[in-house]
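K.L.:
following is a predicted model, sequence given first.
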Amino acid sequence: MSQFDSAERLGRSGQVVARCLDEGRPAFVGYYSVGFPGVDASLEAMKAIVEGDEGRGADIVEIGMPYSDPLMDGLVIQRANTKALARGVHTKHALQAVEAVARLGAMPMVMTYWNVIEAYGVDAFARDLAAAGGGGVITPDLPADDCPEWIEATDKHGTDRIFLIAPSSSEERLRMTMQASRGWVYATSVMGVTGARAQTSDAGPVIVERARKADPTIPVGIGLGVSNGDQAAEIGSYADLVIVGSALISCMKSDGNDMATDLSALRRLSGEIASGVERSRA
């Protein structure tokens, strides 16, 4: 059995992670921007990420909501989100994606900035996400010690709340952030924005070790930089979740003009990442 046994701390998404760990591997989280290159096309892309290659794909889909002023997103995700915004993508489309991913049998989660949640209505966002089958929300710009309204809403509707920790986080802030989280914690292994990298960061094992010392009762995921199966295996050897985003979106090269080729590439990469995750604890 995994070392995580508190259903309250794990929430819905953390229980998925615990099941993966019980199988001897970390969880694979695949990020994709809803609305790129179109709403229907993005749903097909998320399906490809879940299906992967030979039935091996993502356990959790992180559904990115386009935002006009992203703080954390690199160029690949920024470009995808800019095109989605230009095509009129809104919160309703993210909830549509949540329902679609849930039907596929994977755990859907949403990544969004706080202004989007505030504009929609804090309680309403947590309520509607839960009703659509969503496991929780990743909020990259929301400090865990300055969101009582969000804590209340997510507690009320059973929605997981995923906060971020970074190599620069003090021990006090790291501990506070982890204790405020439910589901799992997103650890950024590098300082800076998202994007696939040729090499993973040496800071990854350090931030995960620090996080586990601060609070061993909740899983820790690593994002920023994974672009292939070998990197996924490397990160999966010490992290509870392996998070991949820019590399997956980069498979969609044709802007919707050759979806068959793009989706085939996406399935191959998703399968490669899943295979790397599977062998990471061998």
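P.N.:
That came through fine.
K.L.:
what strand or helix carries residue 63?
P.N.:
Residue 63 belongs to strand 60-64 when assigned by DSSP states H and E.
K.L.:
could you do residue 28 as well?
P.N.:
strand 27-33.
K.L.:
so how far is the longest helix along the chain from its chain's centroid?
P.N.:
Counting residues, the longest helix found in the chain (DSSP state H) is helix 259-279. Distance of helix 259-279 from the chain centroid (CA atoms, centre = their mean, to the nearest Å) equals 17 Å.
K.L.:
list the buried ones in that helix?
P.N.:
The neighbour-count check on helix 259-279 (16 or more other CB atoms under 10 Å) flags 259, 262-263, 265-267, 269-278 as buried. In short, each C-beta sits where N, CA and C put it, glycine included.
K.L.:
of these, which is the nearest to residue 158?
P.N.:
residue 277 (27.1 Å; CB to CB).
K.L.:
surely the closest one meets residue 241?
P.N.:
No - Residue 277 is beyond contact range of residue 241, at 9.2 Å (criterion: CB atoms under 8 Å).
K.L.:
so residue 169 lies in a strand, does it not?
P.N.:
No - with DSSP: H, G, I helix; E, B strand; the rest coil as the criterion, residue 169 is assigned coil and is not in a strand.
K.L.:
mind checking how far the nearest residue to it once chain neighbours are set aside is from residue 166?
P.N.:
Take residue 169 and drop its neighbours on the chain: the residue closest to it by CB to CB, 6 or more residues apart in numbering is residue 177, 7.0 Å away. Plainly put, residue 177 is 10 Å away from residue 166 if you go by CB to CB, to the nearest Å.
K.L.:
more neighbours: those two, which one.
P.N.:
Neighbours were counted for residue 177 and for residue 166 using other CB atoms under 10 Å; residue 177 has more, 23 against 18.
K.L.:
and the helix or strand where the more buried one lies, what's buried?
P.N.:
Assigned by DSSP H and E, residue 177 belongs to helix 171-180. Going by neighbour count (16+ other CB under 10 Å), the buried part of helix 171-180 is 173, 174, 175, 176, 177, 178, 179, 180.
K.L.:
stretch 117-126 now?
P.N.:
Neighbour counts over stretch 117-126 (16+ other CB under 10 Å) mark 117, 120, 122, 123, 125, 126 as buried.
K.L.:
try stretch 48-68
P.N.:
Quick answer for stretch 48-68 (16+ other CB under 10 Å): 48-53, 56-67.
K.L.:
quick one: low-confidence ranges for the stretch 51-200 of the chain?
P.N.:
Across the stretch 51-200 of the chain, the ranges flagged by pLDDT under 70 are 70-71, 190-200.
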